[in-house]
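Participant: A structural model of the following input is requested.
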Amino acid sequence: MKRTLGTQLRHLIELLDGAVEASYAEAGLRYRPRFTPIVRALTRSDALTIGQLAAEAGITQPAATQTVALMLKEGLVVVETASGDARQKQVSLSAQGRALLPALQTCWQSTERAARGLEHDIGVPLSELIERAIQALAAKPFADRLRDARAQLADESLPSTPPHTAARTRRR
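Facilitator: Below you'll find the model as predicted:
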């Protein structure tokens, strides 16, 4: 049975994330792959709001909020009220989070090499392909594509000749 795109993507993420998480554990780190976009964004800036983090990390704001909450429990980030605007919270790496950076850099280099090896083995630049898919979905979201597909299916299921016309044609 052929797997659907959604099933394939979930399975691919399971395979990749599981291996990357295991490599962090082997390196003695208590760290999840989903933290990486947030940590990378925070290494480029001292402190960011959740909206800024989401934009910098290339993830949705709810995903950034959930990930920061998990990282806060692990002691990897600090969340403080922004100076000048009590409604805004700013996120920064904690001392514990900053202390992990050298080991994380080593893990990220290993991950990048392994990804290049995978791309070599499959003969497709997977990261470029995924980026192209993300850009295509930014230009036309999947929800719009689903609506178009439903409309096309509805059009295809309509009889080409209205039923009352077909009945008159048969009587003659």
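Participant: Show me the residue at the heart of the chain, geometrically.
Facilitator: Nearest to the geometric centre of the chain sits residue 59, at 6.0 Å (Cα atoms, centre = their mean).
Participant: Surely residue 59 forms part of a helix?
Facilitator: No - secondary structure of residue 59 (DSSP: H, G, I helix; E, B strand; the rest coil): coil, not part of a helix.
Participant: Return the backbone torsion pair for it.
Facilitator: Backbone torsions of residue 59, given as degrees, to the nearest 10, read phi -130, psi 170.
Participant: Next: residue 90.
Facilitator: Torsion angles, degrees, to the nearest 10, at residue 90: phi -110, psi 140.
Participant: wait, isn't the residue nearest to the centre of the chain in contact with residue 36?
Facilitator: No - applying Cβ atoms under 8 Å, one finds residue 59 not in contact with residue 36, separated by 10.6 Å. C-betas here are computed from N, CA, C, even on glycine.
Participant: Relative to residue 31, how far out is the residue nearest to the centre of the chain?
Facilitator: Using Cβ to Cβ, to the nearest Å, residue 59 is found at 17 Å from residue 31.
Participant: same question, residue 138
Facilitator: To residue 31, residue 138 is 29 Å away according to Cβ to Cβ.
Participant: which one of these two has more residues nearby?
Facilitator: Neighbour comparison, residue 138 and residue 31: the larger count goes to residue 31, with 23 against 8 (by other Cβ atoms under 10 Å).
Participant: And what about that one, helix, strand or coil?
Facilitator: Relying on three-state DSSP, one would call residue 31 coil.
Participant: Residue 107 now?
Facilitator: helix.
Participant: tell me the contacts of it?
Facilitator: 20, 23, 24, 27, 29 (Cβ atoms under 8 Å, 6 or more residues apart in numbering).
Participant: dump the residue contacts of the fourth one.
Facilitator: Going back to what we said before, that points to residue 27. By Cβ under 8 Å, 6+ apart, the contact list for residue 27 reads 103, 106, 107.
Participant: cutoff 10 Å now
Facilitator: Shown in contact with residue 27 (Cβ atoms under 10 Å, 6 or more residues apart in numbering): 100, 103, 104, 106, 107, 110.
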